[in-house]
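Engineer: sequence and computational prediction follow.
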Amino acid sequence: MSKVTLSCFVILLMFTCKEKEDKKIMASKPTEEAIKINQSANIEAFFPLLNQSDVSTNEVAAYRKSAFDIVHYRNKEQGNKVYIILEKDQWKVEAVFKGSSFIRHDSIGVKWIDFKDNFTYDYGMDKEKKGSGIYTYNFDTGLLLMVDDDISIKPNEYNVKIHNDIIILEGKSTYEDNNIQAKLGRLSTSKK
């Protein structure tokens, strides 16, 4: 009887060890979801307006293709009109509301965006440029569409309200940005 018990114990021990090893292997392989969350955390850490949470790589590719075409169409449709109120100065991110979170500028450093008169933009932190892209803005409709040069970053579309030295960005649902609002202020010192 003891040989049968010992044999059963050894077999049970082997299965248990195998199961633990399988769990270790699975835990060491990041899922696409884990990769997506990690990338969005890194991206948003240096520029919170990018709003990359909960978007798959397939969605990003589809969004980028349509947004890229829309940017060029809208700019052509409005005669490549540039609005000096937007591109004259650089803008500092002063506050961001994302979902139920509120981030103030003093907790995120000097994060800035610089819209150019050739429908491109740069953004960065302090004196370091972190990225760039293309945009279209229409003063009459208040729509701002931004497409980052980094192919892993989805486009962003906002309703824009400009008053003197302040811009309020309200995310639209087009590219899943309706969970974000931001306040930008003119940057007094140039980062150029």
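Structural biologist: Right, received. Where do you want to start?

Engineer: contacts only, for Glu170.
Structural biologist: Tyr158, Asn159, Val160, Lys161, Gln181 (CB atoms under 8 Å, 6 or more residues apart in numbering). The C-beta positions use only the backbone N, C-alpha and C, and glycine is treated the same way.

Engineer: the same query, at a cut-off of 7 Å, please.
Structural biologist: Residues near Glu170 by CB atoms under 7 Å, 6 or more residues apart in numbering: Tyr158, Asn159, Gln181.

Engineer: and the gap between it and Val71?
Structural biologist: Distance of Glu170 to Val71, computed by CB to CB, to the nearest Å: 19 Å.

Engineer: just Ala95 next, same as before
Structural biologist: Plainly put, Ala95 is 26 Å away from Val71 if you go by CB to CB.

Engineer: likewise for Gln181?
Structural biologist: 22 Å.

Engineer: mind checking which of those two has more residues around it?
Structural biologist: Shown here are Gln181 and Val71; by other CB atoms under 10 Å, Val71 has more neighbours (20 against 17).

Engineer: now the strand ranked longest in the chain: buried residues?
Structural biologist: Identified as the longest strand of the chain according to DSSP state E is strand 128-138. Of all the residues in strand 128-138, those buried under the rule 16 or more other CB atoms under 10 Å are Lys130, Gly131, Ser132, Gly133, Ile134, Tyr135, Thr136, Tyr137, Asn138.

Engineer: the strand or helix carrying Asp114 packs against which elements?
Structural biologist: Assigned by DSSP states H and E, Asp114 belongs to strand 111-115. When contacts are defined as 3 or more CB pairs under 7 Å, 6 or more residues apart in numbering; DSSP states H and E, strand 111-115 sits against strand 91-98, strand 120-125.
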